[in-house]
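S.K.: sequence plus predicted model, see below.
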Number of protein chains: 2
Amino acid sequence: MILISEVGPRDGLQSIDRVMPTEAKKRWIAAEAAAGVREIEVGSFVPPSLLPQMADTAEIVAFAKTLPGLNVVALVPNAKGAARAVAAGVHGMSIPFSMSETHSLNNVRKSHTEMLAEIAKVAAMAHDAGVHFAVGLSTAFGCTLEGAIPEEQVVRLAAAAYEAGVREFSLSDTTGYADPAQVRRLVRKVRDAVGDALTTLHLHNTRGLGLANALAGLDEGITTLDASLGGLGGCPFAPGASGNIVTEDLAFMLHAMGYDTGIELDALMKVREIVAEALPGEPLYGFTPDAGLPLGLADRVG
Amino acid sequence: MILISEVGPRDGLQSIDRVMPTEAKKRWIAAEAAAGVREIEVGSFVPPSLLPQMADTAEIVAFAKTLPGLNVVALVPNAKGAARAVAAGVHGMSIPFSMSETHSLNNVRKSHTEMLAEIAKVAAMAHDAGVHFAVGLSTAFGCTLEGAIPEEQVVRLAAAAYEAGVREFSLSDTTGYADPAQVRRLVRKVRDAVGDALTTLHLHNTRGLGLANALAGLDEGITTLDASLGGLGGCPFAPGASGNIVTEDLAFMLHAMGYDTGIELDALMKVREIVAEALPGEPLYGFTPDAGLPLGLADRVG
């Protein structure tokens, strides 16, 4: 069983300027849950003044919680956002922790030490509320400001977050810098520090290596992969340039490889229509939806 | 050392309707050789009436042979084409052998038995001429006519071709059906039959899994990967839908992983300009050329 965690309603929608109507978000999330997707990051508890695309996250959480069997998660930037997420009743929340201190200072104006204090606070809040909590080790594979990030630094900061009470981690290739050899090395090294608490890879397809990196992670025992329907959120200057790995292609790959994801591929492909209708003209990526499933796939996998 | 074998001038150009001018082909091949690409499939010895795009292959072979250090190869459909290839002075030639008998009958009007006889003839010609010879086990991962192809059938036909004198094989995902688990299985099984004579994977990115499949092959000891500059030859109905894996993205992946390919990445990216200029409006695929190389890549790989 490999968990595909759909992050399009958060990472995809926050990366485009337009605001998807709340009702369209609900249709999207409901259709994807009905297709068998078991976890969706439905939004982000950031100040609406910063990201108006995410202003309706509390309403979306409430709706998503009515969908049977769906794990409803949200991103929180800090303890303030975490309090809103807990109040909204999320099943889980995650906080990005940038491995590049320059990026952290630029992005959330916090040093690594300050972020670790924030993370300890959120871990305690999550524990008290009985809410699942994860830390995303962002820019772990490199940073557009600092360049290469020493692997020892990622290991040290993951260990520090573990000390602060974190029991679930994802390694995030925020910048699309990762290669499969690096994925294998870093997963091993971080697991040496925090063990099975490292469950997840969050990958972008910026340089076309997204699914190869996912494969490298699977080989190392990663059990959760973030992905975005239609690779939503890609940078407009180049098709697919910055979006997350595409849920449809990932689901096909895992299915073909014989992994159970719980997802019904044909139903998943149809969810694209909802997103395309809600965001006319917005480029949707992915190859499998256009090419269709291979003839005789069942014979092969079976 | 991993060999990237550029197949764009053959597989890419034969898949688009327009005919690239001979002089542009020469500029492309020269620039790519200068960027460090060590093998190029420069054309195909098929009847010009069938593929006018390949009518100048003998002239292209003669030109490419003047480029220092370049291995000049061509595709041949049968013994007649092989005789033309030998006369043109190729360093190597390859013949596609479709694992789907339906596809073989439709495509070259030959049964498997007839193809094996043809292959034996070409193997003998190649041996006599001192020309390198390879067989491409096409539709090995599935066929758009037959669907799934039994793996035992691929193994059996590879073994029969080995008996017929073939000492180099590639596994070809002609249809873009392959997944990484299948690549691993089939490489192992075919190697059990023909050993290290299986050197090469020829992959398409039809469902977005091309580089993941390449990674799976590398893990199994594959040492040559076919690729096409700009993924040329993609099906126009969907970006990147049927083209070969993209040389630029593959070269970046291998470089980042620490493999030696002999290719200078910046020079390789610039070759796109030649192709774009010669085929205005033709879509070129690949993510790395648009995204650029990661900041600090040398620190990471070094």
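M.R.: That came through fine.

S.K.: hang on, isn't residue A:178 packed against residue A:141?
M.R.: Yes - with contact taken as Cβ atoms under 8 Å, residue A:178 and residue A:141 are classed as touching, separated by 3.9 Å. In short, each C-beta sits where N, CA and C put it, glycine included.

S.K.: for chain B, what's its nearest residue on the stretch 101-250 of chain A.
M.R.: residue A:147 (2.4 Å; Cβ to the nearest Cβ).

S.K.: which ones are touching that residue?
M.R.: Neighbouring residues of residue A:147 by Cβ atoms under 8 Å, 6 or more residues apart in numbering or on different chains: B:294, B:295, B:296, B:299.

S.K.: from those residues, list the buried ones, please.
M.R.: Buried by 16 or more other Cβ atoms under 10 Å in any protein chain shown: B:294, B:295, B:296, out of these.

S.K.: distance-wise, check the last one relative to chain A.
M.R.: Looking back up the chat, that one is residue B:296. In this structure, residue B:296 and chain A are separated by 2 Å, where distance is defined by Cβ to the nearest Cβ, to the nearest Å.

S.K.: list phi and psi for that residue.
M.R.: Backbone torsions of residue B:296, given as degrees, to the nearest 10, read phi 80, psi 20.

S.K.: is it true that it touches residue A:150?
M.R.: No - because the distance of 10.4 Å does not satisfy Cβ under 8 Å, residue B:296 is recorded as not touching residue A:150.

S.K.: quick check: residues of the stretch 51-200 of chain A near chain B?
M.R.: Contact residues of the stretch 51-200 of chain A with respect to chain B, defined by Cβ under 8 Å from any Cβ of the partner chain, are listed as A:142-148, A:175-177, A:179-182.

S.K.: so which residues of the stretch 201-302 of chain A form helices?
M.R.: Across the stretch 201-302 of chain A, reading from the start of the chain, the helices by DSSP state H, counting those that start in this stretch fall at A:210-219, A:247-256, A:265-278, A:288-291, A:297-301.

S.K.: for the second one, output the C-alpha coordinates as CSV.
M.R.: Yep, that's helix A:247-256 we're talking about. The C-alpha atoms that make up helix A:247-256 are tabulated as CSV, following Å, rounded to 0.1, in the frame of the first residue of the first chain:
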residue,chain,number,x,y,z
THR,A,247,-1.1,12.5,-9.7
GLU,A,248,-2.4,10.7,-12.8
ASP,A,249,1.0,9.6,-14.1
LEU,A,250,2.1,8.6,-10.6
ALA,A,251,-1.0,6.6,-10.0
PHE,A,252,-0.5,4.8,-13.4
MET,A,253,3.1,4.1,-12.6
LEU,A,254,2.3,2.6,-9.1
HIS,A,255,-0.6,0.6,-10.5
ALA,A,256,1.4,-0.8,-13.4
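
S.K.: make CSV from the helices of the stretch 201-302 of chain A and add distance to chain B and mean pLDDT to it.
M.R.: Shown next, in CSV, are the helices of the stretch 201-302 of chain A (distance: least, Cβ to the nearest Cβ, whole Å; pLDDT from 0 to 100):
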stretch, distance to chain B, mean pLDDT
helix A:210-219, 4, 98
helix A:247-256, 4, 98
helix A:265-278, 11, 97
helix A:288-291, 3, 92
helix A:297-301, 4, 88
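
S.K.: for residue A:204, find the nearest of those.
M.R.: The closest approach between residue A:204 and any of the helices of the stretch 201-302 of chain A, judged by Cβ to Cβ, belongs to helix A:210-219 at 6.5 Å.

S.K.: hmm, residue B:292 and residue A:206 touching each other?
M.R.: No - because the distance of 9.5 Å does not satisfy Cβ under 8 Å, residue A:206 is recorded as not touching residue B:292.

S.K.: how far away is the residue in the stretch 151-300 of chain A that chain B sits nearest to from residue B:144?
M.R.: Across the stretch 151-300 of chain A, no residue is closer to chain B than residue A:296, which sits at 2.4 Å (Cβ to the nearest Cβ). Between residue A:296 and residue B:144 the distance is 10 Å, computed by Cβ to Cβ, to the nearest Å.

S.K.: how about the contacts made by the nearest residue to residue A:12 once chain neighbours are set aside?
M.R.: Sequence neighbours aside, residue A:232 is the residue nearest to residue A:12 in space, at 3.1 Å (criterion: Cβ to Cβ, 6 or more residues apart in numbering or on different chains). Under the criterion of Cβ under 8 Å, 6+ apart, the contact partners of residue A:232 comprise A:8, A:12, A:13, A:15, A:16, A:243, A:244, A:275, A:279, A:282, A:284, A:285.

S.K.: burial count for the residue lying closest to the fourth one once chain neighbours are set aside?
M.R.: Translated: residue A:15. Spatial nearest neighbour of residue A:15, chain neighbours left out: residue A:233 (3.3 Å); criterion: Cβ to Cβ, 6+ apart. The local packing count at residue A:233 equals 21, with neighbours defined by other Cβ atoms under 10 Å in any protein chain shown.

S.K.: before we move on, what about residue A:22?
M.R.: 14.

S.K.: and for residue A:23?
M.R.: Residue crowding around residue A:23 was assessed by other Cβ under 10 Å; the count is 11.

S.K.: who touches the helix or strand harbouring it?
M.R.: Element membership of residue A:23, judged by DSSP states H and E, is helix A:22-34. Identification of contacts with helix A:22-34 by Cβ under 8 Å, 6+ apart yields A:6, A:8-9, A:13, A:20, A:40, A:42, A:56, A:59-60, A:63-64, A:67-70, A:229, A:267-268, A:270-271, A:274-275, A:277-278.

S.K.: recalculate using a threshold of 7 Å.
M.R.: If you take Cβ atoms under 7 Å, 6 or more residues apart in numbering or on different chains as the criterion, helix A:22-34 is touched by A:6, A:9, A:40, A:42, A:56, A:59-60, A:63-64, A:67, A:70, A:229, A:267, A:271, A:274-275, A:278.

S.K.: same thing with stretch A:157-168?
M.R.: Outside of stretch A:157-168, the residues within contact range by Cβ under 7 Å, 6+ apart are A:97, A:99, A:112, A:116, A:119-120, A:123-124, A:127, A:133-135, A:137, A:169, A:190, A:193-194, A:197, A:199.

S.K.: go again with 6 Å.
M.R.: With Cβ atoms under 6 Å, 6 or more residues apart in numbering or on different chains as the test, stretch A:157-168 has contacts from A:116, A:119, A:120, A:123, A:134, A:135, A:137, A:190, A:193, A:194, A:197, A:199.

S.K.: quick check on residue A:111: phi, psi?
M.R.: Main-chain dihedrals, residue A:111, degrees, to the nearest 10: phi -70, psi 170.

S.K.: residues contacting residue A:288?
M.R.: Neighbour list for residue A:288: A:248, A:249, A:252, B:207 [criterion: Cβ under 6 Å, 6+ apart].

S.K.: neighbours around the last one, how many?
M.R.: Spelled out, that is residue B:207. Residues lying near residue B:207 (other Cβ under 10 Å) number 31.

S.K.: if you skip the residues just before and after it, what's nearest to it?
M.R.: If you skip the residues right next to it in sequence, residue B:207 has residue A:288 as its closest partner in space, 4.5 Å away by Cβ to Cβ, 6+ apart.

S.K.: then residue A:55?
M.R.: Counting by Cβ to Cβ, 6+ apart, residue A:48 is the residue found nearest to residue A:55 once chain neighbours are left out, at 3.7 Å.

S.K.: wait, a helix at the one you found?
M.R.: No - going by DSSP: H, G, I helix; E, B strand; the rest coil, the assignment for residue A:48 is coil, not a helix.

S.K.: look up how far chain B lies from it.
M.R.: Relative to chain B, residue A:48 is positioned 31 Å away (criterion: Cβ to the nearest Cβ).

S.K.: okay, that residue: pLDDT?
M.R.: Per-residue confidence at residue A:48 stands at 93 (pLDDT).

S.K.: do the same with the one 3 residues further on
M.R.: If you check residue A:51, the pLDDT there is 92.

S.K.: what sits against it?
M.R.: Residues counted as contacts of residue A:51 (Cβ under 6 Å, 6+ apart) are residue A:14.
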